[in-house]
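Engineer: For reference, the sequence and a predicted model appear below.
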Amino acid sequence: MTRISIKDLEAQVKRINKLTNSPETEYTKINGKLIGNIGNYHLDQAYGGVKLVRMRNESGGIEEITRTGFTTKRDLYFQLDAIITGLQIKGSL
């Protein structure tokens with residue numbers, strides 16, 4: 001079995017941001033203050049697990065997208081792959 005790394009997951013999240021025309025970065029620095037890029041998808045990590053979240057407001061509030069809580073990198077990899085496939089199907093209709 002191939003090991004799934006954070007870099008693998010980040011590449012998938014970058015693709016999701018591109019397919020949804022969402023900002024590529026979580027924050028933008030304006031006048032020395034970090035402002036959340038609303039709509040940006042990114043990884044959240046804790047307790048040795050990962051999940052996909054989306055920026056909801058400029059203060060850094062997030063919404064969990066995968067709805068599984070923190071999970072393994074391998075499980076999230078397959079969830080992200082399914083999201084990408086769905087976005088590609090939607091884009092081809």
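Structural biologist: On my side now, so go ahead. Residues are numbered from 1 along each chain as shown.
Engineer: Tell me, how many residues neighbour Arg15?
Structural biologist: Arg15 has 17 neighbouring residues, counting by other CB atoms under 10 Å. Just so you know, the C-beta spots here come from the backbone N, C-alpha and C atoms, and that holds for glycine as well.
Engineer: Tell me the secondary structure at it.
Structural biologist: Counting by DSSP: H, G, I helix; E, B strand; the rest coil, the backbone at Arg15 sits in helix.
Engineer: neighbours of the residue lying closest to it once chain neighbours are set aside, just the number please.
Structural biologist: The shortest distance from Arg15 to any non-neighbouring residue, by CB to CB, 6 or more residues apart in numbering, is to Ile84 (5.8 Å). Under the neighbour criterion other CB under 10 Å, Ile84 is assigned a count of 16.
Engineer: got a list of contacts for the helix or strand hosting Ile84?
Structural biologist: Using DSSP states H and E, the element containing Ile84 is helix 73-92. Contact partners of helix 73-92, identified using CB atoms under 8 Å, 6 or more residues apart in numbering, comprise 4-6, 8-9, 12-13, 15-16, 19-20, 43, 50-52, 65-66, 68, 71.
Engineer: Can you list which of those are found in helices?
Structural biologist: Ile6, Asp8, Leu9, Gln12, Val13, Arg15, Ile16, Leu19 (DSSP state H).
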